[in-house]
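Asker: Provided below for reference: sequence and predicted model.
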Amino acid sequence: MKNIFMVLSAAACMAACGDQLQTAGNVKHDAAPYTGTGKPYADKGWKAGDKAGWESHLKVRTQNGQNDYTKTN
């Protein structure tokens, strides 16, 4: 009886250690961020789809808001 319990518990432990197949089903691909959202609260001077304008706005925002060297002066 003790041997049967040991065999069953070992089999249960081995079954729990198996790797399950993980697949991404319906993957939604995001649009590029510079395409816009169609909302009216976009930054003035920027038009949806303007990649160069998007990058320049990000560059300015990064320099003004996230650069600690410019904050200390």
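Answerer: Sure, I can see it.
Asker: what residue ranges in the chain score low on pLDDT?
Answerer: 15-18, 41-42, 67, 70-73 (pLDDT under 70).
Asker: Give me the residue at the spatial middle of it.
Answerer: residue 30 (10.3 Å; C-alpha atoms, centre = their mean).
Asker: so what's that residue up against?
Answerer: Counting by C-beta atoms under 8 Å, 6 or more residues apart in numbering, residue 30 touches no other residue. Using the backbone N, CA and C atoms, a C-beta is placed for each residue, glycine as well.
Asker: just residue 45 next, same as before
Answerer: 53, 57.
Asker: how near is it to residue 54?
Answerer: Per C-beta to C-beta, to the nearest Å, residue 45 is found 11 Å from residue 54.
Asker: Also residue 44?
Answerer: Where residue 54 is concerned, residue 44 sits at a distance of 14 Å (C-beta to C-beta).
Asker: Among the two, which residue is more densely surrounded?
Answerer: residue 54 (19 against 4; other C-beta atoms under 10 Å).
Asker: check contacts around the more buried one.
Answerer: By C-beta under 8 Å, 6+ apart, the neighbours of residue 54 are 33, 34, 46.
Asker: Buried residues, whichever strand or helix holds it. List them.
Answerer: Assigned by DSSP states H and E, residue 54 falls within helix 51-65. Across helix 51-65, burial judged by 16 or more other C-beta atoms under 10 Å covers 54, 57.
Asker: which residues in this structure form helices?
Answerer: Assigned by DSSP state H, the helices in the chain fall at 2-16, 51-65, 68-72.
Asker: Output those helices in TSV, with distance to residue 38 appended to each entry.
Answerer: Rendered in TSV, the data for the helices of the chain read as follows (distance: least, C-beta to C-beta, whole Å):
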stretch	distance to residue 38
helix 2-16	48
helix 51-65	15
helix 68-72	33
